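> sequence and computational prediction follow.
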Amino acid sequence: ERFEELVGAVLSSRRTATGLSQELARQPRAVQEFTLHWVAITARSSPELAYQFATVAPGAIDALGVAGAESWLIAAMDVYDREGLYRAAASLKDLPGYLRQRTEQAGAVAFTEVAHLLEHFLAGLSGRTMKLEPDDVAWTDTNTVYLPRRIARFATREENFRAYKVAAALLWAQARYGTF
């Protein structure tokens with residue numbers, strides 16, 4: 001019933017929540033709560049994406065664990081924000097591709113993981129708060145430092161985090177001194 005309320009906007013006479021609700025009811029309580037929690041959050045932006053997530057959530061939790069499934073959904077939501085519903089739904093359906101990428105890039109660091117630390121790092125350098133945003137490449141407009149969404153250049157997380165710090169320091173210097 002709660003699930004139907006959350007995704008009701010995408011249901012029709014041919015597409016009901018009944019089968020999905022029954023499948024979810026057979027899952028352990030923790031899986032149910034996790035799924036409904038993230039369906040509610042996702043439905044605020046896109047009820048369709050929330051419905052798509054619910055269809056694959058139990059399998060994702062089995063494959064990734066709860067924390068991994070959460071990261072996977074957030075990555076799909078980022079795709080939705082940047083590229084739209086079609087690409088986001090495709091990324092949710094490509095769990096094997098996500099698992100492969102995750103394995104290949106075990107040392108990778110995502111912007112979202114380090115943004116808070118880098119904001120403090122930049123504030124320490126500049127003596128003021130500088131806005132930090134993700135982008136495809138590193139650059140600055142002197143008010144905002146844009147850093148890559150993910151760095152996987154090196155084998156370890158420490159080295160990739162260091163690459164974020166170097167890029168942030170370089171862009172801070174460019175903003176401060178007008179050169180690089």
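Cool, got the structure.
> off-centre distance for stretch 101-118?
Computed by CA atoms, centre = their mean, to the nearest Å, the chain-centroid distance of stretch 101-118 equals 11 Å.
> okay, how far is it across it, tip to tip?
End-to-end distance of stretch 101-118: 25 Å, with CA to CA, to the nearest Å as the criterion.
> would you mark the buried spots in it?
Within stretch 101-118, the residues that count as buried by 16 or more other CB atoms under 10 Å are 102, 107-111, 114, 118. In short, each C-beta sits where N, CA and C put it, glycine included.
> how are the helices of this protein distributed by residue range?
2-7, 18-25, 29-45, 47-83, 85-93, 95-104, 111-126, 157-177 (DSSP state H).
> TSV for those helices, including mean pLDDT?
What follows is the helices of the chain, written out as TSV (pLDDT from 0 to 100):
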stretch	mean pLDDT
helix 2-7	79
helix 18-25	85
helix 29-45	91
helix 47-83	90
helix 85-93	93
helix 95-104	81
helix 111-126	94
helix 157-177	94
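> compare those helices and give me the one nearest Thr140.
helix 157-177 (4.3 Å; CB to CB).
> can you count the residues close to Val39?
23 (other CB atoms under 10 Å).
> I meant Gln174, not that one.
Residues near Gln174, counting by other CB under 10 Å: 15.
> look up how far Glu70 lies from it.
35 Å (CB to CB, to the nearest Å).
> among the helices of the chain, which comes closest to Pro148?
Per CB to CB, nearest to Pro148 of the helices of the chain: helix 111-126, 6.7 Å.
> can you name every helix or strand that the closest one contacts?
Under the contact definition 3 or more CB pairs under 8 Å, 6 or more residues apart in numbering; DSSP states H and E, helix 111-126 sits against strand 131-135, strand 144-148, helix 157-177.
> of these, flag the one that's most buried.
Across the helices and strands packed on helix 111-126, averaging neighbours per residue (mean count of other CB atoms under 10 Å) puts strand 144-148 on top, at a mean of 20.
> just checking, what packs against that one?
Right, strand 144-148 is packed against helix 111-126, strand 131-135, helix 157-177 by 3+ CB pairs under 8 Å, 6+ apart.
> with distance to Ala63 added, can I get the ones you listed in CSV?
Shown next, in CSV, are the helices and strands packed on strand 144-148 (distance: least, CB to CB, whole Å):
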stretch, distance to Ala63
helix 111-126, 21
strand 131-135, 26
helix 157-177, 21
